[in-house]
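**Student:** Predicted model and sequence below, questions to follow.
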Amino acid sequence: MSAFEYRNKKLHAENVNLQELAETYGTPCYVYSKATIEKNYRAFEDALRKWSSRICYAVKANSNLAILNLLAKLGSGFDIVSIGELERVIRAGGDVSKVVFSGVAKRSDEIRRALIMGVDCFNIESIAELTRLDAITREMDVQANVSLRVNPDVDANTHPYIATGLKENKFGVDINLALDIYQQIEQCSHMQAVGVDCHIGSQLLDLSPFQTSFEKVFALVDQLASIGIVLQHVDLGGGLGIRYQNDDHPPSAAQYVEILAPFMEGRNIQVFIEPGRSIVGDAGILLTRVEHIKETRDKNFALVDAAMNDFMRPSLYSAWHDITPIEQTANSSTTYDVVGPVCETGDFLGKQRPLAIQEGSLLAVHAAGAYGSVMSSNYNTRLRAPEILVDGEEAHLIRMRETFDQLMANEIIPES
Ligand code: LLP
């Protein structure tokens, strides 16, 4: 059952009427369901229970401090890709000893800070990065745990912008070179190879690419063991898809984890996963209000107060998100392109949507909890939207609407 359901024809987030939230906090705004995040996290936790495991929530999917705090309280570790994300994990009360640091271009200052703060493991994406980490650990005289992110050359069957496991992608090192690189790591006095890591893409709706990459990664684990390099963990990355449209049928967390079972048989190795979207994606909506209805001979537009700066996914990936009115009516529907106020033709939230709406109607853009607010910008000098976390009957403001003072605080007009 979804946390976003109609009761007496009014859409609710858990037990909170979204109309009331819109009146209190204004639109556009993001609304999240705490119960959904907990449910999604626990689904992975339960599925992984049979092995020693760690869920490292991918901070990039939704990095609001309140969301990170919620996950930290559930016991989650974190997958970070910048020192900014580490800062968030620390401020949210996360456990740094459960953090893995991914990313293809870690700066030296980021590596130093991560070492000082005691990040658990560096997911290494190139020989150049390994060389840099080796020099920094020796200079600081500290030890670092490393895991090599291998690129298994697997087609994830997803949008090309979010596929990462093909040879042509910038991520990881060719899995065929991995053995040599692990042998190099063995020679380094200040680094220990503790794991292997792999992430082939995002929004995967089919288990077979995962299966293929698991085959390759576990074969490498065995090869390494045969030359005396025994790894403590295997990190399978994130990527499990969610339902955006009716005909999306994403595997459950349990089904995803199930395909691991044959690989884990008889092994004494810890499993890490780095889910982002599948924890927070269906836990959020974007609330927006119809400013104007514009009907032309060729097309009808619902001009709403949220735009591509608030929610990039439709513009950037042609992503589909269900859009529904907050209030169900018996009125007949008209087909609209739902578009924002930004001065770009690519500024749309949805195209050709049958909706029974009028000026002033409130709309929910669904499954906007992942890669929504985090990807928002100030384009067209628009203030970034507030975020609200609903917990049963309660609604907590977890990010205030930005002000113009905040937005322009760092800008300087030179004296001349
Ligand atoms: N681990 C690594 C190393 C990653 O690069 C990512 C996502 C994840 C984990 C989490 O993947 P998830 O479970 O969320 O699929 N902005 C795009 C998605 C970009 C994903 C980037 N990497 C979107 O809106 O679809």
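**Tutor:** Yep, it's here.
**Student:** the domain parsing of the chain - what is it?
**Tutor:** Split into domains by automatic domain parsing, the chain comes to 4-32+281-408, 34-279.
**Student:** Would you give the sheet partners of the worst-scoring helix or strand of the chain on mean pLDDT, along with the direction of each?
**Tutor:** When each helix and strand of the chain is scored by mean pLDDT, DSSP states H and E, strand 173-174 comes last, with a mean of 88. Strand pairing for strand 173-174, using DSSP bridges, gives strand 144-151 (parallel).
**Student:** is the ligand contacted by the partner strand?
**Tutor:** No - figure legend: strand 144-151 not in contact with the ligand (C-beta under 6 Å from any ligand atom); closest approach 7.3 Å. C-beta coordinates here come from the backbone N, C-alpha and C atoms, glycine included.
**Student:** Need the nearest residue in space to residue 72, chain neighbours excluded.
**Tutor:** Spatial nearest neighbour of residue 72, chain neighbours left out: residue 94 (4.2 Å); criterion: C-beta to C-beta, 6 or more residues apart in numbering.
**Student:** repeat for residue 373
**Tutor:** residue 30 (5.1 Å).
**Student:** Relative to the ligand, how far out is the one you found?
**Tutor:** For residue 30, the distance to the ligand equals 14 Å [C-beta to the nearest ligand atom, to the nearest Å].
**Student:** cool, and residue 378?
**Tutor:** Taken as C-beta to the nearest ligand atom, the spacing of residue 378 relative to the ligand amounts to 18 Å.
**Student:** Same question for residue 358.
**Tutor:** Distance from residue 358 to the ligand, counting by C-beta to the nearest ligand atom: 31 Å.
**Student:** Look at stretch 76-91 and report the distance between its end residues.
**Tutor:** Taking C-alpha to C-alpha, to the nearest Å, stretch 76-91 runs 15 Å from one end to the other.
**Student:** List the contacts of that stretch.
**Tutor:** By C-beta atoms under 8 Å, 6 or more residues apart in numbering, the residues outside stretch 76-91 that reach it are 41, 54-60, 63, 65, 68, 71-72, 94-96, 98-103, 107, 109-110, 113-114, 117, 119-120, 238, 272, 274, 276.
**Student:** which residues of the stretch 201-350 of the chain fall in helices?
**Tutor:** 208-226, 253-258, 261-264, 277-280, 313-317 (DSSP state H, counting those that start in this stretch).
**Student:** what's the most buried one of these?
**Tutor:** Most buried of the helices of the stretch 201-350 of the chain, by mean neighbour count (mean count of other C-beta atoms under 10 Å): helix 277-280, with a mean of 29.
**Student:** per-residue confidence averaged over it?
**Tutor:** Averaged over helix 277-280, pLDDT sits at 98.
**Student:** Please list the residues outside that helix that contact it.
**Tutor:** For helix 277-280, the external contacting residues (C-beta under 8 Å, 6+ apart) are 32, 37, 40-41, 44, 57, 61-62, 67, 71, 202-203, 238, 240-242, 250, 253, 369-371.
**Student:** Please list which of those are also close to the ligand.
**Tutor:** Okay, of these touching the ligand (C-beta under 6 Å from any ligand atom), that's 61, 202-203, 238, 240, 370-371.
**Student:** With neighbour count as added columns, please give the residues you listed in CSV.
**Tutor:** Shown next, in CSV, are these (neighbours: other C-beta atoms under 10 Å):
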residue, neighbour count
61, 24
202, 25
203, 24
238, 25
240, 27
370, 26
371, 23
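**Student:** among these, which one has the lowest pLDDT?
**Tutor:** Scoring these by pLDDT puts residue 202 last, at 93.
**Student:** Which positions in the stretch 101-250 of the chain make contact with the ligand?
**Tutor:** Residues of the stretch 101-250 of the chain lying near the ligand (C-beta under 6 Å from any ligand atom): 102, 162, 199, 202-203, 237-240.
**Student:** partner strands of the longest strand anywhere in the chain, parallel or antiparallel?
**Tutor:** Using DSSP state E, we find that the single longest strand of the chain is strand 284-295. Its sheet considered, strand 284-295 pairs with strand 29-33 (antiparallel), strand 300-304 (antiparallel), strand 362-365 (antiparallel) by DSSP bridges.
**Student:** Check whether that strand comes near the ligand.
**Tutor:** No - Strand 284-295 lies out of reach of the ligand by C-beta under 6 Å from any ligand atom, never closer than 12.4 Å.
**Student:** Work out the gap between that strand and the centre of the chain.
**Tutor:** Distance, stretch centre to chain centre, for strand 284-295: 25 Å (C-alpha atoms, centre = their mean, to the nearest Å).
**Student:** Now do the buried residues in it.
**Tutor:** Going by neighbour count (16 or more other C-beta atoms under 10 Å), the buried part of strand 284-295 is 284-290, 293.
**Student:** cool, stretch 147-157 as well?
**Tutor:** 147-154, 156.
**Student:** Report the separation between residue 28 and residue 348.
**Tutor:** 14 Å (C-beta to C-beta, to the nearest Å).
**Student:** More neighbours: which of these two?
**Tutor:** When residue 28 and residue 348 are compared on other C-beta atoms under 10 Å, the one with more neighbours turns out to be residue 28, at 28 against 19.
**Student:** Could I get the contacting residues of the more buried one?
**Tutor:** So residue 28 contacts 286-289, 304-306, 310, 385 (C-beta under 8 Å, 6+ apart).
**Student:** what about 6 Å?
**Tutor:** By C-beta atoms under 6 Å, 6 or more residues apart in numbering, the contact list for residue 28 reads 288, 305-306, 310, 385.
**Student:** again, but for residue 224
**Tutor:** Each residue near residue 224 by C-beta under 6 Å, 6+ apart is listed here: residue 182.
**Student:** ok, so what distance separates it from the ligand?
**Tutor:** 21 Å.
**Student:** Give me the neighbour count for residue 237.
**Tutor:** 29.
**Student:** which residues touch the residue nearest to the spatial centre of the chain?
**Tutor:** Note on the chain: the residue nearest the mean C-alpha position is residue 61, at 2.1 Å, using C-alpha atoms, centre = their mean. The neighbours of residue 61, taking C-beta under 6 Å, 6+ apart as the test, are 276-277, 280, 370.
**Student:** how about the nearest residue to residue 294, chain neighbours excluded?
**Tutor:** residue 301 (4.3 Å).
**Student:** Can you spell out which residues form a bridge with that neighbour?
**Tutor:** Judged by DSSP bridges, the bridge partners of residue 301 are residue 294, residue 337.
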